[in-house]
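> predicted model and sequence below, questions to follow.
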Amino acid sequence: MDSKKTSWNYLIIAVLAMLLIASIISYGIDTNREVKEVVEDQYRERQLLLSKHISLGLEKYLSEKIFLLEIVVNHKVKDSHPSSFDYNSFSSDFETIYEYSDDYYALQFVDVNGTIVIGYPEKNTPIGYNLYDFNQSWAFEHVKESKDTYITGPRELQEGGMGTFVWVPVYVDDQFKGTIVGIIKIYDTTEKFLNDHDIAGDIYLIDSNGNIIYDSIYRDRVGLNYIEIVDDDNFGLRDILEDQLKGLDGTGIYISYLDHETNKYESKIVSYSTVNWGNHKWSLAVKNSYDDVDSLVGSVYEKQADFVVFTGSIILLIGLIVVLILSRWNHELEAEITKKTTALQKSNQELKDANERLTNLDKAKTDFISIVSHELRTPLAAIRTSSELLKDNACPSHIQNEMLELIIRNVDRQTRMVTDLLDVSRLDSDGMRFKKEKISINELIDLSVSEVSLLAKDKDISIDINIDTNKKEIASDKDRLTQVFVNLLTNAIKFTPVKGHIDIQVMSVNDTCIKVNIIDNGIGIPKDKIDTIFEKFYQVDHTSTRKVGGTGLGLSIARGIIEGLGGEIWVESEEKKGSKFTFTIPTS
Amino acid sequence: MDKELENKILNIMAQNPDSTSISISQELEIPDSQVNQVLNKLSDTREKILIVDDEMDTLLTTKRALEIDGYNVIEANDGKKALEIIRKENPDIILLDLMLPEMDGFDVCKKVKTDPLYGHIPIIMLTAKGEIKDKVDGIEIGADDYVTKPFNLSELKARIKMILRRVNV
């Protein structure tokens, strides 16, 4: 039952530990979701910032190209007079700019008539090409009107590649002198810019119609309209492109199917921002695998898993330690309880024993009173009846004598009984006073034997005395010792058959103690009764009281006296062979 | 043995009304004195009282007092002997002491009162004074009366007389 209880305890603790671990895991998962959200937000933000950064950089870079041309024009115009303006002076500037910036395909001057008059490098300049002749005069007209820089393109160049045309009008004191046209190979320029900045991710650039200006992966797509070529394998990309065309900044995610059959796909994050370059409004996008977020979150997961495993282990460890401590405590408690229970049982047993002893004592007391009252009443009853009989005149004389003898006998018996009872009472209440007088051992024994000589003679019992000690005298209570001898001898005579034999032996034990044996060859005492014969009113056979007479107090009184005198008394006996009563007496 | 002898003697006397103690003794080949003893016993018409008491002196005084009054008194010292004697002597009344060796007065009383042959014999219990419970128990097991010790002799005699008259009526 105890082990069952203990295993229940283990189970409860295990369940508690599991619950704790489960709650930690669930809290961990919850936290993880939040972390993922935060990481995603952060990632999007970062991607957006990246795209903005690139856009701004590109914007600035391209703007510088325009500023350069505008600065050159302004410089020339400021120092010139309309009459003295000479476009040929641009030649050296074109060469310088071309060589310095490396982004121009060509730098040309178109005169007021729309004819390309000078340019650098000459191999990229169709000198004498008239815009009006080839219906290419729209931009020229536009900058002439607006007096402001204007950008056209990109469009296919004759030599291949895409070119963007930057038209800068030249006015000298409000007099139109023509325009400078800077042709920038936008693809190369963009690529150069991006290469210089070492940017992670794929990048594409589209104009406000969706035409692809730059694509870091698919160069052959340049010039195509992105919206037109987007297919269903890139789910969600169209929405992103539409947002881009609206001129918005932002981030979007689309799913790119790699293999429809295995349903393999890749999430992509696209962050896009506008590039404002003169009159153009382009949109630059940075594409990255969105799975990076997952791997990022995954690493967070890993950290968290580490944390959970670590915490769980600690909880389990602590749980284990608690279980161990509890079970040890339990064991100690059990041991303590067992000890206490044993002690309780022992004290219970002791109480039981004590109670039994008390009950026995109580019964002994009741028995004693009952026996005493019987013993006292019986002679009185006999005396009374015989007295009544004597009173009757009709009583014959021989019966009268018989009755008188009976009365005397019973008075003696009563007297003996009362004396013995008084002795018992004194011994019980320690009220017996013992004298200390010089006693001759011989005298003491002679006196005692003479007291019982009549009884012995009646049964023809011989008494032998054998004194084997140097001590002639002892200091003790003569009357009480005589009483002990008489009681023991009377007892011996009572239980010894006619013509029996009694031995009295006296010997020294040491200087301060003598020992007396009184040995008879009587009926003996059964082994199981030997411990009780010194008790009051005890006789081995109840009938023997009647047979042998006596108060039943003799041995009890003898023991009381011997113990009162500081000696010991005991008996050895064999049934049907006789008894040996022994007592010791201090000699002084 | 005694009963057998009694029966034999009674049979001889029934067959031959003239037979004497001597002729009977000759016929049965036993001493004349024994025949006379049986005849005396048979001719004793006194009422027979059994006193059961282990105290010899108490018993003796009661016995003497009742003998003077003309009762035939027989005695027993303990319970077992009392039962033997009751079967042998078939007393008219029993004075039974309570405290007895071997078998106490209660058990003797119970045995006698449950015996169909002797259950009719009245029993007077002799109890020590004050042992009320003993009295009640004594009556319950069928004792006819009780007298407390030490008893008044004339009271005892009166009770014996009364009980015997009741039985004889």
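Arrived safely. This is a predicted model, so every value here is computed, not measured.

> alpha carbons only for contacts and neighbour counts from here, please
Noted.

> so where's chain B shaky on pLDDT?
Along chain B, the model assigns pLDDT under 70 to residues B:1-2, B:129-138, B:169.

> would you mind listing what in it touches chain A?
Taking Cα under 8 Å from any Cα of the partner chain, the part of chain B that reaches chain A is made up of B:54-55, B:57-59, B:61-62, B:64-65, B:68, B:101-102, B:128, B:149-153.

> take the residues you listed and keep only those in helices.
The helices, defined by DSSP state H, take in B:Asp57, B:Thr58, B:Leu59, B:Thr61, B:Thr62, B:Arg64, B:Ala65, B:Ile68, B:Leu153 from the residues of chain B next to chain A.

> tell me where chain B has helices.
Secondary structure of chain B (DSSP H): helices located at B:2-15, B:21-28, B:32-43, B:56-68, B:79-89, B:105-113, B:132-140, B:153-168.

> run the chain-centre distance for the fourth one.
To tie it back to what came earlier, the one meant is helix B:56-68. In terms of Cα atoms, centre = their mean, to the nearest Å, the centre of helix B:56-68 is found 14 Å from the chain centre.

> what's the answer for the last one, then?
Distance of helix B:153-168 from the chain centroid (Cα atoms, centre = their mean) equals 14 Å.

> now swap in the third one and tell me
Averaging C-alpha positions (Cα atoms, centre = their mean) puts helix B:32-43 19 Å from its chain's average.

> which elements pack onto it?
Using 3 or more Cα pairs under 8 Å, 6 or more residues apart in numbering or on different chains; DSSP states H and E as the contact criterion, the elements in contact with helix B:32-43 are helix B:2-15, helix B:21-28.

> got the phi and psi for A:Leu68?
Comment: the main-chain dihedrals of A:Leu68 come out as phi -60, psi -50, following degrees, to the nearest 10.

> what's the burial count for it?
When counting by other Cα atoms under 10 Å in any protein chain shown, one arrives at 13 neighbours for A:Leu68.

> same check, this time on A:Leu69
Other residues within reach of A:Leu69 by the criterion other Cα under 10 Å amount to 22.

> domains of chain B?
Taking automatic domain parsing as the reference, chain B has its domains at B:2-43, B:48-168.

> ends of the longest one, what's the gap?
Okay, so that is domain B:48-168. Using Cα to Cα, to the nearest Å, one end of domain B:48-168 lies 13 Å from the other.

> gap between it and the chain center?
Mean C-alpha position of domain B:48-168 versus that of the full chain (Cα atoms, centre = their mean) differs by 8 Å.

> check the first one too.
For domain B:2-43, the separation from the chain centroid amounts to 23 Å (computed by Cα atoms, centre = their mean).

> sorry, back to before: I'd like the domains of chain B as CSV, with mean neighbour count and distance to A:Asn276 appended.
Rendered in CSV, the data for the domains of chain B read as follows (neighbours: other Cα atoms under 10 Å in any protein chain shown; distance: least, Cα to Cα, whole Å):
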stretch, mean neighbour count, distance to A:Asn276
domain B:2-43, 13, 160
domain B:48-168, 18, 133
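
> for A:Lys303, see how far away A:Asn130 is.
Looking at A:Asn130 against A:Lys303, where the rule is Cα to Cα, the gap reads 70 Å.

> partners of the residue nearest to A:Asn470 when sequence neighbours are not counted in the sheet?
The shortest distance from A:Asn470 to any residue other than its chain neighbours is 7.7 Å, reached at A:Ser508 (Cα to Cα, 6 or more residues apart in numbering or on different chains). Using DSSP bridges, the beta-bridge partners of A:Ser508 come out as A:Ile514.

> can you pull the contacts of A:Ser508?
The contact partners of A:Ser508, taken as Cα atoms under 8 Å, 6 or more residues apart in numbering or on different chains, are A:Asp468, A:Thr469, A:Asn470, A:Lys471, A:Ile514, A:Lys515.

> format these as JSON lines; extra columns: pLDDT and neighbour count.
Compiled in JSON lines, the contacts of A:Ser508 are given as follows (pLDDT from 0 to 100; neighbours: other Cα atoms under 10 Å in any protein chain shown):
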{"residue": "A:Asp468", "pLDDT": "88", "neighbour count": "12"}
{"residue": "A:Thr469", "pLDDT": "85", "neighbour count": "15"}
{"residue": "A:Asn470", "pLDDT": "83", "neighbour count": "9"}
{"residue": "A:Lys471", "pLDDT": "83", "neighbour count": "16"}
{"residue": "A:Ile514", "pLDDT": "91", "neighbour count": "20"}
{"residue": "A:Lys515", "pLDDT": "92", "neighbour count": "21"}
